[in-house]
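Colleague: kindly return the folded structure for what I paste below:
(one chain, ligands or ions: 2)
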Amino acid sequence: MHAQVGIIGAGPAGLFLAHLLYREGIDCVVLEARSRAYVEDRVRAGVLEQGTVDLMAELGLDQRLRRECMIDEAIDIRFGGGKLVHVHFPELTAGKVVTIYGQQEVVKDLIAARIADGARIEFEAEVTGLDGLDGDRPTIRYRQGGTEHTLTCDIIAGCDGFHGVARPAIPDGVLTTYDHVFPFGWLGILSESPPITEMTYANHDNGFALCSRRSPKISRHYLQVAADEDAANWSDDRFWNELHIRMNDRDKSEIIEGRIFQKGVTPVRAFVAAPMRYGRLFLAGDAAHIVPPTGAKGLNLAAADVRVLARALTEFFRTNSMARLDRYSDTCLRRVWKVVRYSWYMTSLLHRFPDHTPFERNVQLAELDYLFSSRAGRLTIAENYVGLPLEDE
Ligand code: RFL
Ligand code: PHB
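Modeller: Residues are numbered from 1 along each chain as shown. Ligands and ions are numbered 1, 2, ... in the order given. Alright, predicted model coming up:
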């Protein structure tokens, strides 16, 4: 089997890339280790920057998003037992907002459209190895239905997430990796209950909390927990009680409790691998970098990467010029590091650090107080939250 581009992974990075290339008449195959149902049900991100919404629109895939999404004009940050920083995006960023629409809904829309296009996407096709990355005919080995297959490509796109096979296929010594693991995790739940009005982050003496949502009937909430915490230690009652405390909802009148139907712990980590390329293999999305969830950026960063990659691949297949592909990694990494910086900042601002001295805790509270009183401080948060402009290439 042959394809101009072999795409490993049907997450947001791989699927967006497949659609961008299809539009340009470039032939690609998407290989996904998991089943369609598994990929479509995986609960993850929910906040889309305008650039990501625009990408759905450009691809003509935003009909359901327009119907079902919710628009967020602001975030709130609660701290100090009753204080509130209100970051209003339109006022601070000349009208910008963010869109709430679950990552799995994006993934469902992109998969349905790919299948409707009659374009190639293989589920339960686990990539087991990559060969010839430094030549001009790289190959992908994968296993499907107990049979080994080989796909020959001009280019391979490693969109297989943080635990994929593409990044580890790069020979030792090529990549420089930067890793920062925060000393806590997030316990996330989905519940059948109407959300509170505003997306609300909290810095409480007991730790960070976040109230988000997926629909007018479904809430998505998170609590800071130990990095190695077992979700089974958190009964529903324990979760709700702690959320009310951290959100300063003392009489439990604000946050409505409901049946919890999903619960899981996520690590809080930043990681960057550079360059995002080896020979004919290009890494995109979580395969190359992860950011702590506090900035709500991972999916948006994956979308930004593949926009750059699709443009470079289009030039390559039209003109045989590698010039844009040669710039791919540098172009993406400029944005990646700004987003890492911002996600690190929000994480540092909002969590309780087990090793903080009283001095460091007071500096953190002073920063929150500063944001409360400074439009400039809130503007910095707002312009990053809604999404920085796409990089010049
Ligand atoms: P994905 O989504 O992990 O997809 C990679 C795909 O590759 C497949 N795969 C393989 N396929 C074939 N062969 C192999 N050997 C393979 N190995 C792996 C996997 O099965 C999978 O389908 O990576 P991608 O496309 O780069 O997308 C990245 C995003 O998923 C991620 O950054 C975000 O979910 C991060 N994130 C958030 N991002 C936001 O923009 N806004 C948010 O509000 C937000 N909240 C979050 C988040 C991530 C979270 N978790 C669980 C890590 C909240 C949470 C709790
Ligand atoms: C979410 O709704 O899942 C969400 C919202 C904001 C974040 C992270 C996750 O910062």
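
Colleague: residue of the stretch 51-200 of the chain closest to ligand 2, please.
Modeller: M199 (6.4 Å; CB to the nearest ligand atom). Every C-beta, even on glycine, is put in place using the N, C-alpha and C of the backbone.

Colleague: what separation is there between the residue nearest to that residue when sequence neighbours are not counted and C69?
Modeller: The shortest distance from M199 to any non-neighbouring residue, by CB to CB, 6 or more residues apart in numbering, is to I75 (4.8 Å). The gap separating I75 from C69 is 17 Å, by CB to CB, to the nearest Å.

Colleague: one step back: the residue of the stretch 51-200 of the chain closest to ligand 2: neighbouring residues, count only.
Modeller: By the criterion of other CB atoms under 10 Å, M199 has 24 neighbours.

Colleague: now do the buried residues in stretch 280-293.
Modeller: By 16 or more other CB atoms under 10 Å, the buried positions in stretch 280-293 come out as 280-293.

Colleague: right, I mislabeled it, should have said stretch 238-251
Modeller: F239, W240, E242, L243, H244, I245, R246, M247, N248, D249.

Colleague: you'd agree the residue of the stretch 51-200 of the chain closest to ligand 2 is up against C211?
Modeller: Yes. Using CB atoms under 8 Å, M199 makes contact with C211 at a distance of 7.1 Å.

Colleague: against W240, how distant is the one residue sitting closest to the centre of the chain?
Modeller: In the chain, the residue lying closest to the centroid (CA atoms, centre = their mean) is G298, at 2.1 Å. Note on G298: its distance to W240, by CB to CB, is 27 Å.

Colleague: please spell out which residue in this protein sits farthest from the middle.
Modeller: Distance from the C-alpha centroid of the chain, by CA atoms, centre = their mean, peaks at D251 (34.3 Å).

Colleague: pretty sure T314 contacts G25?
Modeller: No. T314 is not in contact with G25 according to CB under 8 Å; the separation is 9.1 Å.

Colleague: can you pull the residues of the stretch 101-250 of the chain lying near ligand 1?
Modeller: Taking CB under 6 Å from any ligand atom as the criterion, the stretch 101-250 of the chain approaches ligand 1 at residues Q103, E126, V127, C159, D160, G161, G164, V165, G188.

Colleague: one more time with 5 Å
Modeller: Taking CB under 5 Å from any ligand atom as the criterion, the stretch 101-250 of the chain approaches ligand 1 at residues E126, V127, D160, G161, G164, V165, G188.

Colleague: that's all I had, so thanks and see you.
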